[in-house]
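Asks: Sequence plus the predicted model coming up.
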Amino acid sequence: MSTAFDLLLAAALLWSAWRTLATPQIGRAVILFIVFGLLLTLAWARLDAPDIALAEAAIGAGLTGALLLDAVAALRARRPDDEEGQS
Amino acid sequence: MKALWRSLTVVALLGLAAALLVAVLGLPPAPVKLAGEVATNLGASGVSHPVTAVLLNFRGYDTFLEVAVLIIALLGMLAAGLPPPPPTGSRNAMLPTLARLAVPLMVLAAVYLLWAGAFRPGGAFQAAAVLAAAAVLLHLAEILAPWPRDRRGPRLAIAGGFLLFLAIAAALLANGGLLRYPPEHAGLLIVLIESGLTVSLAVNLAAFFLLRADKT
Amino acid sequence: MSAGLIYAATGCLLFVLGLGGVLLLKALLRRILAFNLMGSGAFLVLVGLAQRDGTPDPVPQAMVLTGIVVAVAATALALTLARRWHALTGREDIARVGDAGSRARRMANDRRKVGR
Amino acid sequence: MTSNQWLPLAVIASSLLPGLIIFALPEKRVALRTALNLAGALAKAGLVGLLIAGVAAGEEYGLRHAIAPGIEIVFKADALALLFVTLSAVLWLFTTLYAIGYLEHAPHRSRFFGFFSLCVTATMGIAMAGNLFTFFVFYELLTLATFPLVVHRGTPQAMRGGSIYLAYTLAGGAALLAGIVWLDHLAGPGEFTQGGLLAAIPGLDPLTLQLIFALLIAGVGVKAAIVPLHGWLPQAMVAPAPVSALLHAVAVVKAGAFGIVRIVYEIYGIEFAQSLGLLLPLAVIAAVTILWGSSRALFQNDLKKRLAFSTVSQVSYIVLGVALFGPLGTIGGLVHLVHQGIMKITLFFCAGNYAETLGIHKVSEMDGVGRRMPLTTLAFSIGALGMMGAPLTAGAVSKAWLSDGASAAGMDWAIWVLWGSSLLNAAYFLPILHRAWLKLPPPDWPHEEIHPVGRRETAWLLLLPPLFTAVLTVAVALFADSSFSPLAWVRLIAEREYPNISP
Amino acid sequence: MTPLLDPLAWLILLPLLWATLAFLAADRHGPMLALAGIGGQLLCVIALAGDVASHGSIGHLAGGWAEPLGIRLVADGLSLVMLLLTQGVALTLALYARSYFSQATPPAFWPLTGFLLAGMNALFLSGDLFNLYVTLELVGLAAVGLVAAGGGAAQIAAALRYLLATLVGSGAYLFGVALIYGSYGTVSASLLGSLITSEAPLAVWLAGGLMLTGLLLKTALLPFHFWLPPAHGGAPAPVSALLSALVVKASFYLFLRLWLGPFAALSEALPALAQVPAALGATAILWGSWRAIRADRLKMLVAYSTVAQLGYLFLIFPLLGTGALALQAGILQATAHGLAKAAMFVAAGTLIKVGGSDRVLGVAGAAAHLPVSLFAFALAGVTLMGLPPSGGFLAKWLLIDAALAAGQPWIVVVALSGGLLAGIYVFRVLRLAFRRPTTHDDVPLPQRPAALLEWTAFALAAGSVLIGLGAAPLLALIAGVQP
């Protein structure tokens, strides 16, 4: 049962990571990255690593995500009209 | 030509992924088990939580250098040129209220995390991250103004925690090694270092958001 | 298959995915995201592989804590540089600023900015 | 440190230290610079005198300094070294005087004299090097120190000449380095040894030794300007006359020729080289160079270029002498090392005088120059006759010994080469003498810079050095059999290089 | 000596201390702190040298815990030479920088320099693979910050490329460490040396490949050199010198250490592996030299010369079986190149600052008005060309000797042609400098720069030459290294 959960979580991690890189809009990519970070927090919990889970939530997903959102906002502020060019 | 290179890269990466999977899934057990060593020496480490013991005692030297990495990132920002401050007045009207409610709770949580680190999950890093998040929240709510580059306070806080760590590391040389705690004082020294670090790291992390170019 | 091994394998794939992203993508922000995925992959392997027998090992866990802090530092620096670059040139990827032609390109950029 | 150790070092320092001080001197300090130059040159001459007296009395002078395991800087002032040291020291003295006069109003004199002193230092180092490593160190130093002198004028031709010079010498240096390290790897670190270093080591592969020989000779052959590695020499003639005189006619090409001497006699050993079949190819290359250089000289209108091709030809006399197995050839070759230097520097001094005084650079402009500058032209004539091998000149002595050496070695064809070369020498020098003495001068010289004052046709400092060396050209022939002549010294060397044959 | 003054520990603590103080002082007193600090570091190295010379190798247990639990710091001949080079060059560059930035110091220059030095010293002394990862990041991020300190678009772009390269490099390295820890349960380099055998599992081979490739990326060995020329060529001169002379050597040092230490069994099991870095090195020599010959801007020429010269360092790998010879050649080359390249960059900086043009053509006529800087450039060139009696020459001699001993004559050919190609680009600058200036007499000559700018370059260049004559103690130190 727990293995099935682990496999599911692994798949979700890989999917969110893939979408982070592949989704065309950078804003959505950052959101997906934060989702990835939260999923990773779960993974750390599953690995008996509560310290990392805390740090991942606070730093990996939280602060890094905020930094990224801030950067996206700054980039948008300069160019309000056009979408990000295809990467 | 470029497309060819890209496809070659993709093929190489797929090969790497396959090789890594094969290697990882078929790996025999490791000959050295550090978890046991940690458990054996936990008593002399001054803390009862093994991760904290590794982080601040057994491999405290890593942590010491890592704090420098954070300061370097900040210096790199200063060197490259700080981003402009965000435009004011566009904030959500709810934010200040939310911040006033949440921030005291976050500070409380941080203090708990710091204190808990000695014997259960938590510690300086997590506490600092929560404090930094609180600062960011205050900043977004426009309660906390951006820091100009030459502001003294943040520098003092960041450098202070690290210098405390450095001073203890150096003083312990007298005991025969960098950060070689005498077991009887290890707990106290670690708490001292962690408290300093919490402030230092929190301000450092917050500075990534708050340190902004002066308005001209 | 232990949980450790599952996450180690996931970590391998995340690392390669991130590596591919840094190498093949152009937009700076995207490459910074990819770098973070690479790092997360490495962290998962570090802890997952060490704990593949199911017992937690505090040493790699502490290393990952260190690694996460290093990663956020690197990300902060990278984002600052990317924003600075964007502010100076309006670009979101790095053009080859090499030995020759950089001045011409810079002037072209300036013209573009003025035009807008 | 005993005097036997510091004396070679002092010989080197006597040009190095003044050179370094001169670099730091401001352009305006003419008197101090001149004093330093002269003091250095005189001190060196004196020190060399001490060395000669000591070596003649059987003293051994040497110094070593290990810079890495198995790698040593070794200085050794043996008889062969002193031959070259003395030649360079004496000619440096003359050239210094000449250069002081020549560059009286030129810019960047500190730089010029600084590098000039470094060049002489390098030459001294080459002469007294006790092993191939040390030789190589100074050989490359010579390359580096001459480059700024070649390009000194900063004109496009100078730049071109400098580049060509570097291309040849650096490539040669690389070949030499490859050969030296290979040898070092095979035979271990070894020093120049009378009778040959390799001859004493059994069990070496002949083919490898032949290949190494080819690399080494290619390396030093560049500076010795043997065909086809001679292309830099005529180009480097864009340098100021004192540079052409001392360096390209004497120090640089002699460094190459001297290297060949050391390699053949003291690395391989003449007998061992003969047994490996290395001498005949070397002789053939020398012969080709002799004839080729002379033939090219025929068609040069530019005076210094004609002299340059003449140098190409004449330096290979030395190589030919080395390649003639037997003491007679050795004596001929080695004595020509000295004789050619004295004669060629005379010719270059004179060419510089023509250029500096009257703006004459081409042979076709030399009509009647003998009437305007009789003393210079007299010196030039003596030098030219010497080159042809006319009786009572240094050239005659060299050629006599070389011819004897050729027949002793059973290489009679070499005599024909020598004769052919003499004819060609005459063919390119005699028309110059004819123009200079017998044709009428033009109404105006190309660019008359220095006007005659009484009997003095040009500045004293320009006139005296060629006269001295012209006198020397005759003197070494007249007193060839005295015990102070270069010939006597060379015979001493030859005796030591042929332990099994007495000359 | 009391343990409180342990020079090994202070080599890491001292730069951290003065860098933090410089950060605290917000760009004031930077030069003073730096000079005092680096001076102290130099004293530490000298003190350490005495210990290493007498004991061979000095260990220091950080935290007092033995391996595998703790982190062991080690100083041996190899690390000592690198430490000596680093402090020596850094001190001279600090003097230069103080004068070069007399008008305006780029923000954060001094503290970043201090942290960079701390990272390098920590790297040279660390014996723990994970700790080495932290030091790599310390060095990499500080170096990126210094490149960005130029502030212009070109510098920011260079810094970004450099950052991405260095992050991918350390990412690969970290992943390798993860695999190693998973395989053996320890990251102590000395323990791994005996644990890793030729029958190591696939994961270890992959770890080795990833870690070493990551380090190659950081060392800018071809084909990973793309980030180096803009970063080193675009940064302010003191930064360029610091990066080209020292920083790339740090990752090379680690590559060498891993090759000789933990991964020795792997390279012995598959000797052909050693040809890979050597082949890349040979290509780097040719390609880097070619680009230097073609370069349009003076500092780009010098930067591409670094790409070429780094190639030499990797030629030694197939020759390491010949005893100490190849190792001596490599470290001597690293040392001589470090001194020479620092000299060349600062001399170029002075030439550009005074001459007002960053083109190669801008040096025309410089022999007349900047003789000391030009002479320094030329002397440094002598080392790069490998001409006697420079350190570069002795290194090349030893390299050729080792190549012959190992039966790899192609390395001889590469080494010699590399020297000739270096000759082309060095003399390309020098002959221009001797060209008669095209300006007329009424154009005033540029102002003489501060003497310190010229003489620091000269001191570094002279050092790179003199080390060829005084290499015996250095070579003896390296010969004593037990991999």
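Replies: Thanks, I have it. Numbering: from 1, shown residues only, chains lettered A, B, ... in the order given.
Asks: Nearest to chain A within the stretch 51-200 of chain D, name that residue for me.
Replies: With distances taken as Cβ to the nearest Cβ, the stretch 51-200 of chain D approaches chain A most closely at D:Ser163, which sits 48.6 Å away. For the C-beta atoms, the positions are set from N, CA and C on the backbone; glycine is no exception.
Asks: ok, now which ones touch the closest residue to B:Tyr61 other than its chain neighbours?
Replies: Across the structure, with Cβ to Cβ, 6 or more residues apart in numbering or on different chains as the measure, the residue nearest B:Tyr61 apart from its sequence neighbours is E:Ala62 (3.8 Å). Residues counted as contacts of E:Ala62 (Cβ atoms under 8 Å, 6 or more residues apart in numbering or on different chains) are B:Gly60, B:Tyr61, B:Gly177, B:Leu178, B:Leu179, B:Arg180, E:Gly70, E:Ile71, E:Arg72, E:Leu73.
Asks: Do I have it right that the second one meets B:Leu179?
Replies: To tie it back to what came earlier, the one meant is B:Tyr61. Yes: proximity of B:Tyr61 to B:Leu179 meets the contact threshold set by Cβ atoms under 8 Å, at 5.9 Å.
Asks: shared neighbours of these two, anything?
Replies: Common neighbours of B:Tyr61 and B:Leu179, using Cβ under 8 Å, 6+ apart, are B:Ala169, E:Ala62, E:Gly63.
Asks: touching chain C at all, the lengthiest helix in chain B?
Replies: Using DSSP state H to assign secondary structure, the helix with the most residues in chain B is helix B:183-210. Yes: between helix B:183-210 and chain C, judged by Cβ under 8 Å from any Cβ of the partner chain, the touching residues are B:Leu201, B:Leu205, B:Phe208.
Asks: For that helix, buried residues please.
Replies: Taking 16 or more other Cβ atoms under 10 Å in any protein chain shown as the basis for neighbour counts, the residues of helix B:183-210 that come out buried are B:186-187, B:189-191, B:193-210.
Asks: what about it and chain E, any contact?
Replies: No: residues of helix B:183-210 contacting chain E under Cβ under 8 Å from any Cβ: none, with a closest distance of 9.8 Å.
Asks: Who are the packing partners of that helix?
Replies: helix A:64-78, helix B:60-80, helix B:95-116, helix B:124-140, helix B:152-171, helix C:58-89 (3 or more Cβ pairs under 8 Å, 6 or more residues apart in numbering or on different chains; DSSP states H and E).
Asks: can I get those helices in JSON lines with distance to E:Leu191 and mean neighbour count?
Replies: As requested, the helices and strands packed on helix B:183-210 are arranged in JSON lines below (distance: least, Cβ to Cβ, whole Å; neighbours: other Cβ atoms under 10 Å in any protein chain shown):
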{"stretch": "helix A:64-78", "distance to E:Leu191": "34", "mean neighbour count": "18"}
{"stretch": "helix B:60-80", "distance to E:Leu191": "17", "mean neighbour count": "27"}
{"stretch": "helix B:95-116", "distance to E:Leu191": "33", "mean neighbour count": "16"}
{"stretch": "helix B:124-140", "distance to E:Leu191": "28", "mean neighbour count": "25"}
{"stretch": "helix B:152-171", "distance to E:Leu191": "24", "mean neighbour count": "19"}
{"stretch": "helix C:58-89", "distance to E:Leu191": "14", "mean neighbour count": "26"}
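Asks: a markdown table for these, including mean pLDDT?
Replies: As requested, the helices and strands packed on helix B:183-210 are exported to a markdown table (pLDDT from 0 to 100):
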| stretch | mean pLDDT |
| --- | --- |
| helix A:64-78 | 86 |
| helix B:60-80 | 95 |
| helix B:95-116 | 90 |
| helix B:124-140 | 92 |
| helix B:152-171 | 95 |
| helix C:58-89 | 94 |
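Asks: of these, which approaches B:Pro87 most closely?
Replies: Distances from B:Pro87 to each of those were compared by Cβ to Cβ, and the smallest falls on helix A:64-78, at 7.5 Å.
Asks: tell me the angle the closest one makes with helix B:183-210.
Replies: 20 degrees (axes from the mean of the first three to the mean of the last three Cα atoms, to 10 degrees).
Asks: Could you see whether chain E lies near helix A:64-78?
Replies: No: with Cβ under 8 Å from any Cβ as the measure, helix A:64-78 is seen stopping short of chain E, the closest distance being 13.3 Å.
Asks: so that helix versus helix B:124-140, what angle?
Replies: Computed by the same axes, to 10 degrees, the angle between helix A:64-78 and helix B:124-140 is 30 degrees.
Asks: which residue of chain B sits farthest from its center?
Replies: Each residue of chain B has a distance to the centre, and by Cα atoms, centre = their mean the biggest one is for B:Met1: 43.7 Å.
Asks: Pull the contacting residues for that one.
Replies: Listed by Cβ under 8 Å, 6+ apart, the contact set of B:Met1 is empty.
Asks: and it, how far is that from B:Asp214?
Replies: With distances taken as Cβ to Cβ, to the nearest Å, B:Met1 is found 47 Å from B:Asp214.
Asks: Quick check: phi and psi on D:Ala77?
Replies: With angles defined as degrees, to the nearest 10, D:Ala77 sits at phi -100, psi 80.
Asks: and the closest residue to it other than its chain neighbours, what does it touch?
Replies: Closest residue to D:Ala77 in three dimensions, ignoring its sequence neighbours and counting by Cβ to Cβ, 6+ apart: D:Tyr61, at 3.8 Å. If a contact means Cβ under 8 Å, 6+ apart, then D:Tyr61 has D:Asn4, D:Gln5, D:Leu7, D:Pro8, D:Leu51, D:Gly54, D:Val55, D:Phe75, D:Lys76, D:Ala77 as its contacts.
Asks: For the residue nearest the centre of chain D, give me its contacts.
Replies: The residue at the geometric middle of chain D, judged as the C-alpha nearest the mean C-alpha position with Cα atoms, centre = their mean, is D:Val250 (2.5 Å). For D:Val250, the contacting residues are D:Leu87, D:Ser88, D:Leu91, D:Gly341, D:Lys344, D:Ile345, by Cβ under 8 Å, 6+ apart.
Asks: Give me the contact list for stretch C:43-50.
Replies: Under the contact criterion Cβ under 8 Å, 6+ apart, stretch C:43-50 has outside partners A:40, A:43-44, A:47, A:49, A:52, B:24, B:27, B:30, C:3-12, C:14-15, C:57, C:59-61, C:63-64, C:67-68, E:174-175, E:177-179, E:181-183, E:185.
Asks: should've said stretch C:7-14
Replies: Contacts of stretch C:7-14 from elsewhere in the structure, counted by Cβ under 8 Å, 6+ apart, are A:6, A:10, A:13-14, A:17, A:43, A:46-47, B:17, B:20-21, B:24-25, C:37-38, C:40-49, C:52, E:178, E:182.
Asks: Just give me how far it sits from the chain centre.
Replies: Averaging C-alpha coordinates over stretch C:7-14 and over its chain gives two centres that are 16 Å apart (Cα atoms, centre = their mean, to the nearest Å).
Asks: Quick check, E:Gly309 in contact with E:Ala292.
Replies: One correction, residue E:309 is Gln, not Gly. No: counting by Cβ under 8 Å, E:Gln309 sits too far from E:Ala292 to count as a contact (9.7 Å).
Asks: joint contacts of the two?
Replies: Shared contacts of E:Gln309 and E:Ala292, defined by Cβ under 8 Å, 6+ apart, comprise E:Ala422.
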